[in-house]
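J.: following is a predicted model, sequence given first.
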Amino acid sequence: MAKETDFSRRKFLQLAGLGGAALCLGIFPGISKASVITEGAALAENVEMNAWIMINTAGKITLVDHRAEMGQGSYHSVPQIIAEELEVDLGQIEVIFAQGSTKYGSQITGEVLRSGLPIKTF
């Protein structure tokens, strides 16, 4: 027979509230004050923010796009958003096509086969 525990509704609500607050505040274990880039500071080395954004010591920003540009405007709109957010000139941003790698997730651009089927049978 299972052992009874003294776990009240009040205790459950307290723990649920604490867990919800922790999720709302966010937990970022890998960030320290030393790793934050200050405005106007020169970079000592190239910085790879994540798999998608890299900044070199000259201030050039490279964006990696893992899907083919097929008229969606991703090679133009995403650099504009990044330039605005980082407060840099659009000329400092270069977009390159990603090489095959698992760090970019699925790189398949083949959804036209499924979504185009009704057009083919029309």
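T.: Okay, I see it.

J.: which stretches of this protein form helices?
T.: With DSSP state H as the criterion, the chain has helices at 9-25, 74-86, 112-115, 117-120.

J.: now do the first one: everything it contacts.
T.: Think helix 9-25. The contact list for helix 9-25, computed with CB atoms under 8 Å, 6 or more residues apart in numbering, is empty. Every residue, glycine included, has its C-beta placed from N, CA and C.

J.: deepest of the helices of the chain, which one?
T.: helix 74-86 (a mean of 13; mean count of other CB atoms under 10 Å).

J.: for it, name the packing helices and strands.
T.: In terms of contacts (3 or more CB pairs under 8 Å, 6 or more residues apart in numbering; DSSP states H and E), helix 74-86 is packed against strand 61-65, strand 93-97.

J.: redo the ones you listed as CSV? Include distance to Glu4 and mean neighbour count.
T.: Listed next are the helices and strands packed on helix 74-86 as CSV, based on distance: least, CB to CB, whole Å; neighbours: other CB atoms under 10 Å:
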stretch, distance to Glu4, mean neighbour count
strand 61-65, 56, 18
strand 93-97, 61, 14
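
J.: could those strands go into CSV alongside distance to Lys11 and mean pLDDT?
T.: Below are those laid out as CSV (distance: least, CB to CB, whole Å; pLDDT from 0 to 100):
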stretch, distance to Lys11, mean pLDDT
strand 61-65, 47, 84
strand 93-97, 52, 85
